[in-house]
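Participant: Give me the fold of what follows.
(chains A and B)
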Amino acid sequence: MTQKVRQDSFAFLRVLATWRLNKIFMADISSNFLGIKSPNPYWLASAPPTDKKYNVLRAFEAGWGGVVWKTLGSQVKNVSSRYSAVDFGGQRVMGFNNIELISDRPLDINLKEIAECVKLFPDRAMIVSLMADNDKKSWHDLIKKVEDTGAHGLELNFGCPHGMTERGMGAAVGQDPEIACMVVEWVMEAATLPVITKLTPNVHSVVPTGRSVVKAGTNALSLINTIQSVTGIDLDTLVPNPYVAGKSVFGGYCGPAVKPIALKFLTTIAQDELTKNVPISGIGGISTWKDAVEFMLLGASNVQVCTAAMKHGFRIVEDMCEGLNNWMDEKGFATLNDFIGKSVDTITHWEDLDINYHHIAKINQDKCIHCGLCYIACEDTSHQSINLEYGKPYNKYTIKEEECVGCNLCQLVCPVDDCIIMEEHRVAPEYVNWIDWQKRGLPLNDH
Amino acid sequence: MSIQNNKLTKDQYEANFADIHPPYESITAAKVDANRCLFCYDAPCMKSCPTSIDVPKFIKQIATENIKGSAKTILSSNIMGAGCSKVCPVEKLCEGACVYNLLEEEPIPIAKLQRYSTEQAMKNNWKLFERKNSPSGVRGKVAIVGAGPAGLSCAHSLSKEGVDVTIYEKESKGGGLMTYGIAAYKVTPQFCEDEVNYILSIGGIEVNYNQELGKDISLAELKKNYDAVYLGIGVGVARQLEIPGEKLDGVADAISFIYDLRSKGYSSIPVGDKVAVIGMGMTAIDAATQAKRLGAKEVTMVYRRTEAEKPCTQHELDIAMLDGCEIIWLATPKKLKGSQGKVKQLVCSKMKLGEPDASGRRSPVDTGETFTLDVDMVIKAAGQVPFEKLVKKYKLDNKNGKLTIDKNCATNIKGVFAGGDAVNGGKEVVDAVQAGKDGALAILKYLNLSQA
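Facilitator: Alright, predicted model coming up:
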């Protein structure tokens, strides 16, 4: 009886909460990627979480906007173990790597389950990742079978850095613009669904392959795939991770650690005259709505997530939606398109930066907790711009304004929010960049 | 009402005297807290430690799983780091200075982390220190009186430098008040014995137990047979109340009470039903809480000033209050009444606060009003008095029995040094450890063995 009442009241609260959420959230976070619609811009990336119906249905129930089904291709066999991680400062899985191959389940089972998931959740995006053997017929056959499932799009896996590359697939394709171009041309001959080409970061620049596949007709790009890595070594056995019978191999690195690298690669694609013309699905260490917003600000139309879900489960999508919605409301963005790409032009070349811009650190003494971290960072490794006034037990730290070069290091290491702020002190009012500075023969030595 | 032993069952004693600060169960648990530490520069916690333990360093070493390094960092500064992690009033020392307090956040549990590393060191018997070898073989011999924190710390520091040390201890065990004068739920007698053995494991320190200065040995003998003498004799008996009735049965002093219950076993210690404890220092708290934990029905603590002037820490007071001890502020014992030689009533004067005294605290003034408590046991914990007679007998300069030393820890007698409670009148274990280190440095200098 009590149980029943409690269930009823929870149900009522849930309805109330949903009603209130609908009332409160004004922004529309629904996404349209190449005509593929999803209620939010969050897709699960092609990976273990999307390799079977059971997981995918759970993901859709949790609220994910779409999935990229784990890569289909020839039958493979996996090893054990498959994963390893980098922990940092007491937090698990700052970075993650894997040596798992494409789906190791029989193709017909995958195809059957894909069709079932599409039927059960028609409002969610179903993309299927593909990596056929390196010949035209294999690609054509695979595409035909996948298109029959009712899926909405295809993603070409040109990025997997382990296992498949040795067989001339995955990153072996993505690292060579000519081969990538050839494969995309084969694909475009057969595909009727939108095609996304996924790029590998294991190159000095993603732009050559990106351009090549856009020329070959891909409808969109996604990046980044995982980065070849060694996550660490067991100091007892002296064998690196992941451990397979006394040996290891390079694994594909992902998780929060790779986000900055992914954002850089994304920017180069979003800024290139050719590649910026196709939609981009952003991937690489996205764990929160903030990460997602950053990818979208740098040109991603939507994002794909994997490691964060593998660490916490599918429930993380709730806050990813709510946080995005609240942020858009606060900023006055009604739809995703209102802010996608807005930061792309703010990343410029170093020689275009304004040399007359200068800022100086300022320590808010009311907020300072006297940990001395700013002081020792500046004293040992920067510009000796912080003064220490001895106190027992608390020292007082102040900025030597004339010495401060505005490098930010103190602010970055300070553990208290808004305790150290950077105050603008322009050297001169007008914009002068490095080229002009040289032309005008302005003084170079600041010291 | 009666004073009796064996009031509780074995299980009750065990529960009542179990460790009040349980340790981390695993390295993972220790690392959660270690990773919260900000690794402050010129850290306030370190500056607030009388022995200047490099707290950020030893905590960082736990985070990197270098536990041996962590233990060495602690024990290099404080050889009783294991015991101090259990008995230090950290809320007014390291943890009280933790910068997290300024964010209104819980400070880093420094003591608990310190306990983790030092217990690993003791459990695994890690040999962290080596004695210095001298080319000539002789680096002097020093006699130390008292195997308490000051004496042990001095001995360890000297032994490290290659000096041969002989300690004379009047009790049958080392550790001093750590072993004999602190609540058993903070440090068990077994732990104290283990810690003393671990300290002595460096070698070069011989301890002669049951040897009392002035009785079994004389200062003159020590002076003759050793190159230098260090007096770490501590303080002695509890201060007398000097009120009528003090000789009645049932009036005990806190030090003997705690000494007995630590050395004889809980069930053999008689305790009253209605116990009054006079004083509000750490020893008073230890006596009150343990009287309660031995089975006293009511324990009332009587203190002549207010809560604001209390000498114990808030944490200690909380323990007493959570144990159900009653506290009466602004009251001082006036007389004890008894019948058939046994104490029955404690008459107290009500006090009020007057002008500040020499300690800077407002001194209590008698209001003339009194009240009476029914009691069957009174425990005196109003401070301890130094060994005045002994000190005077040897013509050592002193202030009311507290030894006078110069900045080199030297007494007025050449070659005789002193430190710890015997000099300061009674402070924390950690203060005595530092005093022992200072004494050792001074002796090394005196023996021309110092590095500098």
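Participant: Now do the buried residues in stretch B:159-173.
Facilitator: Under the neighbour-count criterion of 16 or more other Cβ atoms under 10 Å in any protein chain shown, stretch B:159-173 has B:159-171, B:173 buried. Just so you know, the C-beta spots here come from the backbone N, C-alpha and C atoms, and that holds for glycine as well.
Participant: Apologies, that question was intended for stretch A:319-338.
Facilitator: So for stretch A:319-338, counting by 16+ other Cβ under 10 Å, buried means A:320-321, A:324-325, A:327-328, A:333, A:336.
Participant: Can you name the two of those that sit furthest apart?
Facilitator: Maximum pairwise distance among the buried residues of stretch A:319-338 (Cβ to Cβ): 16.0 Å, between A:320 and A:333.
Participant: Check the buried residues of stretch B:159-173 against chain A and report the nearest one.
Facilitator: Nearest to chain A among the buried residues of stretch B:159-173: residue B:160, at 28.3 Å, using Cβ to the nearest Cβ.
Participant: Tell me if stretch A:362-369 is near chain B.
Facilitator: Yes - against chain B, stretch A:362-369 shows contacts by Cβ under 8 Å from any Cβ of the partner chain at residue A:369.
Participant: And that stretch, end to end?
Facilitator: Using Cα to Cα, to the nearest Å, one end of stretch A:362-369 lies 14 Å from the other.
Participant: So the closest residue to residue B:129 other than its chain neighbours versus residue A:249, what's the distance?
Facilitator: Of all residues not flanking residue B:129 in the chain, residue B:202 sits nearest, at 5.2 Å (Cβ to Cβ, 6 or more residues apart in numbering or on different chains). Distance, residue B:202 to residue A:249, by Cβ to Cβ, to the nearest Å: 49 Å.
Participant: Could you say which helix or strand holds residue B:223?
Facilitator: According to DSSP states H and E, residue B:223 maps onto helix B:219-225.
Participant: Just the buried residues of that helix, please?
Facilitator: Buried residues in helix B:219-225, defined by neighbour count with 16+ other Cβ under 10 Å: B:219, B:222-223.
Participant: would you list these in TSV and tack on distance to chain A?
Facilitator: Formatted as TSV, those follow (distance: Cβ to the nearest Cβ, whole Å):
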residue	distance to chain A
B:219	38
B:222	38
B:223	39
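Participant: May I see those residues organised as TSV, with distance to residue A:217 and pLDDT added?
Facilitator: Output for the buried residues of helix B:219-225, formatted as TSV (distance: Cβ to Cβ, whole Å; pLDDT from 0 to 100):
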residue	distance to residue A:217	pLDDT
B:219	101	97
B:222	98	98
B:223	101	97
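Participant: any weak-confidence spans in the stretch 301-450 of chain B?
Facilitator: Along the stretch 301-450 of chain B, no part satisfies pLDDT under 70.
Participant: does the residue nearest to residue B:129 count as helix, strand or coil?
Facilitator: In terms of secondary structure, residue B:202 is coil; the call rests on DSSP: H, G, I helix; E, B strand; the rest coil.
Participant: what residues are up against it?
Facilitator: B:129-131, B:156, B:159-160 (Cβ atoms under 8 Å, 6 or more residues apart in numbering or on different chains).
Participant: Identify the residue nearest whichever residue of the stretch 201-350 of chain B sits closest to chain A in space, chain neighbours excluded?
Facilitator: Closest residue of the stretch 201-350 of chain B to chain A, Cβ to the nearest Cβ: residue B:313 (16.9 Å). The spatially closest residue to residue B:313, leaving aside those adjacent along the chain, is residue B:89, at 4.6 Å (Cβ to Cβ, 6+ apart).
Participant: Tell me which residues touch the one you found, please.
Facilitator: The contact partners of residue B:89, taken as Cβ under 8 Å, 6+ apart, are B:282, B:313, B:315-316, B:428.
Participant: Quick check on the residues you listed: which are buried?
Facilitator: In those, burial by neighbour count holds for B:282, B:313, B:316, B:428, counting by 16+ other Cβ under 10 Å.
Participant: ok, the second one touching residue B:91?
Facilitator: Put plainly, it is residue B:313. Yes - counting by Cβ atoms under 8 Å, residue B:91 is a contact partner of residue B:313 at 5.3 Å.
Participant: middle-most residue in chain A, spatially?
Facilitator: Among the residues of chain A, residue A:284 comes closest to the average C-alpha position under Cα atoms, centre = their mean, at 2.8 Å.
Participant: could you pull out the strands for the stretch 101-250 of chain A?
Facilitator: A:125-131, A:153-157, A:195-198, A:220-223, A:227-229 (DSSP state E, counting those that start in this stretch).
Participant: Go through the first one and flag the buried ones.
Facilitator: Spelled out, it's strand A:125-131. The neighbour-count check on strand A:125-131 (16+ other Cβ under 10 Å) flags A:125-131 as buried.
Participant: picking that back up, most widely separated two among the buried ones among the contacts of residue B:89?
Facilitator: Farthest pair in the buried ones among the contacts of residue B:89 (Cβ to Cβ) is B:316 and B:428. Separation: 12.1 Å.
Participant: Contact residues of the stretch 1-150 of chain B facing chain A?
Facilitator: B:31-32, B:34-36, B:38-45, B:47-48, B:63, B:97, B:99-100, B:102-103.
Participant: Can you tell me which of these end up in helices?
Facilitator: B:31-32, B:34, B:44-45, B:47, B:63, B:97 (DSSP state H).
Participant: Mind putting those residues into JSON lines with pLDDT?
Facilitator: Formatted as JSON lines, those follow (pLDDT from 0 to 100):
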{"residue": "B:31", "pLDDT": "97"}
{"residue": "B:32", "pLDDT": "96"}
{"residue": "B:34", "pLDDT": "98"}
{"residue": "B:44", "pLDDT": "98"}
{"residue": "B:45", "pLDDT": "98"}
{"residue": "B:47", "pLDDT": "98"}
{"residue": "B:63", "pLDDT": "97"}
{"residue": "B:97", "pLDDT": "98"}
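Participant: Among the residues you listed, name the buried ones.
Facilitator: Buried, going by 16+ other Cβ under 10 Å: B:31, B:34, B:44-45, B:47, B:63, B:97, out of those.
Participant: Reformat these as a markdown table; add distance to residue A:407.
Facilitator: Shown next, in a markdown table, are those (distance: Cβ to Cβ, whole Å):
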| residue | distance to residue A:407 |
| --- | --- |
| B:31 | 32 |
| B:34 | 29 |
| B:44 | 26 |
| B:45 | 29 |
| B:47 | 29 |
| B:63 | 27 |
| B:97 | 30 |
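Participant: out of those residues, who's nearest residue A:203?
Facilitator: Of all those, residue A:203 sits closest to residue B:63, with 36.6 Å by Cβ to Cβ.
Participant: Surely that closest one and residue B:34 touch.
Facilitator: Yes - counting by Cβ under 8 Å, residue B:63 touches residue B:34, with 4.2 Å between them.
Participant: tell me the mean pLDDT for stretch B:117-135?
Facilitator: Mean per-residue pLDDT for stretch B:117-135: 92.
Participant: what comes up buried for that stretch?
Facilitator: B:117-122, B:126, B:128-129, B:131.
Participant: Same check on stretch B:240-258?
Facilitator: B:241, B:245, B:248, B:250-255, B:257-258.
Participant: start to end distance for it?
Facilitator: Using Cα to Cα, the end-to-end distance of stretch B:240-258 comes out at 17 Å.
Participant: Next to chain B, which bits of the stretch 251-400 of chain A? Give me the list.
Facilitator: Contacts of the stretch 251-400 of chain A with chain B, taken as Cβ under 8 Å from any Cβ, map to A:369-373, A:375-376, A:388, A:392-395.
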